[in-house]
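> Here is a sequence with its predicted model. Questions after.
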Amino acid sequence: MHASTNSINAKAVCRQRAFPSRYAAPSPQPQQNRLLSSLPAAVQERLFPYLDPVPLPFGKSLYQPRSTLRHVYFPVDCIVSLMYVTEDGQPAEISVVGNDGMVGIPLLMGGDSTPGSAVVQSAGTAYRLSGRRIKVEINRHGELLCLMLRYTQSLITQIAQTAVCNRHHSIDQQLCRWLLGSLDRRNGSDLFMTQELIANMLGVRREGVTEAAGKLQKLEVIKYKRGRIKVLNRARLEQLSCDCYRVVKEETDRLMHTTNERYS
């Protein structure tokens, strides 16, 4: 292992030891986030000492509409929904961020705020970094800037495809696409969320999600019980999904693979 990587890990462990009651062995590591892991060692060495591991419980709001963003978050094993809420209080998810990305892109785009919000939909851990510190690195016009631009492009693709999916595809297809996207951003085959939460994320009636989930359970694609969804047959789930899932995944893989090749 590269010497600088050893140094980075040592500093990260020291920070985690400051929170002994919050972490069970093995402790989450920054490299479990794909963006952080793809950075060159020199950039990691500059950033990692400033990363703070923070527990993110279900339902926690990372930022609210029009509020000033002061931190960015790199999820490790949690999932965060980027949401917009209508004037009458109806929520709708526009994209999902997990261990593939970062929450807080508006801060890097110069606006420092957004009309939307970011809410934890699946509890876990993320690494938090101050907006000031990441801007210092971005202003170097180096590898982190390139990575963030590519990630932003993949996020735009996800948002656009979500809009297409919500407009043209059935609830059954939307649910399959949503389950697959969530699984891709969290290790394992289990998701912990209620049908009411999924309905809010998709912007549809709960009854529609209940019916769609029931169909998947009868086909033995998923097993659902008390807020826990276990995917039993991922290949079949992909077959039942619309092409929106494939479009987003292929574009994300293309962009991040290009980045990894550049840094290798």
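Happy to help now that I have it. Everything numeric here is computed off the predicted structure, so don't read it as measured data. Residues are numbered from 1 along each chain as shown.
> Now do the same contact list for residue 189.
By C-beta atoms under 8 Å, 6 or more residues apart in numbering, the contact set of residue 189 is 183, 230-232, 234. Every residue, glycine included, has its C-beta placed from N, CA and C.
> now do 7 Å
Contacts for residue 189 (C-beta atoms under 7 Å, 6 or more residues apart in numbering) come out as 183, 230-231.
> Please apply the same query to residue 229.
179, 190-191, 193, 222.
> where's it relative to residue 104, distance?
28 Å (C-beta to C-beta, to the nearest Å).
> For residue 158, state which of the contacts of residue 189 is nearest.
residue 183 (14.6 Å; C-beta to C-beta).
> Let me know whether that closest one touches residue 230 as I believe.
No. Using C-beta atoms under 7 Å as the test, residue 183 is too far from residue 230 to be in contact (10.6 Å).
> So between these two, which is more surrounded?
The residue with more neighbours, out of residue 183 and residue 230, is residue 183; 19 against 12, by other C-beta atoms under 10 Å.
> Leaving out sequence neighbours, find the closest residue to the more buried one.
Ranked by C-beta to C-beta, 6 or more residues apart in numbering and with sequence neighbours excluded, the top spatial neighbour of residue 183 is residue 231, at 6.3 Å.
> What helix or strand is the residue nearest to residue 116 when sequence neighbours are not counted located in?
Closest residue to residue 116 apart from its sequence neighbours, by C-beta to C-beta, 6+ apart: residue 84 at 4.8 Å. Using DSSP states H and E, residue 84 falls within strand 79-85.
> what mean pLDDT does whichever helix or strand residue 44 is part of have?
Following DSSP H and E, the helix or strand that holds residue 44 is helix 41-47. When pLDDT is averaged along helix 41-47, the result is 95.
> next one: stretch 117-132
94.
> Quick one: end-to-end distance for it.
One end of stretch 117-132 sits 20 Å from the other (C-alpha to C-alpha, to the nearest Å).
> Ok, stretch 127-134 next?
The straight-line separation of the ends of stretch 127-134 (C-alpha to C-alpha) is 13 Å.
> what ranges do the helices span in the stretch 1-150 of the chain?
3-16, 34-38, 41-47, 105-108, 131-138, 143-168 (DSSP state H, counting those that start in this stretch).
> how about residue 91, what does it touch?
When contacts are counted by C-beta under 7 Å, 6+ apart, residue 91 touches 83, 85, 200.
> residues contacting the second one?
In this case it means residue 85. residue 91.
> quick one: it from residue 73, how far?
Residue 85 is 20 Å from residue 73, by C-beta to C-beta.
> How about the last one?
Residue 200 sits 21 Å away from residue 73, going by C-beta to C-beta.
> Give me the buried positions along stretch 147-162.
147-148, 150-152, 154-155, 157-158, 161-162 (16 or more other C-beta atoms under 10 Å).
> Just send those residues back as TSV, with distance to residue 68 too.
Below are the buried residues of stretch 147-162 laid out as TSV (distance: C-beta to C-beta, whole Å):
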residue	distance to residue 68
147	24
148	19
150	26
151	22
152	20
154	25
155	21
157	27
158	25
161	29
162	26
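> nearest to residue 93, of those residues?
Looking across the buried residues of stretch 147-162 and measuring by C-beta to C-beta, the closest to residue 93 is residue 162, at 7.4 Å.
> State whether the closest one and residue 92 are indeed in contact, as I suppose.
No. In this structure residue 162 lies outside contact range of residue 92 using C-beta under 7 Å: 9.1 Å.
> circling back to that earlier point, Provide a list of residues in contact with the residue nearest to residue 116.
92, 94, 115-116.
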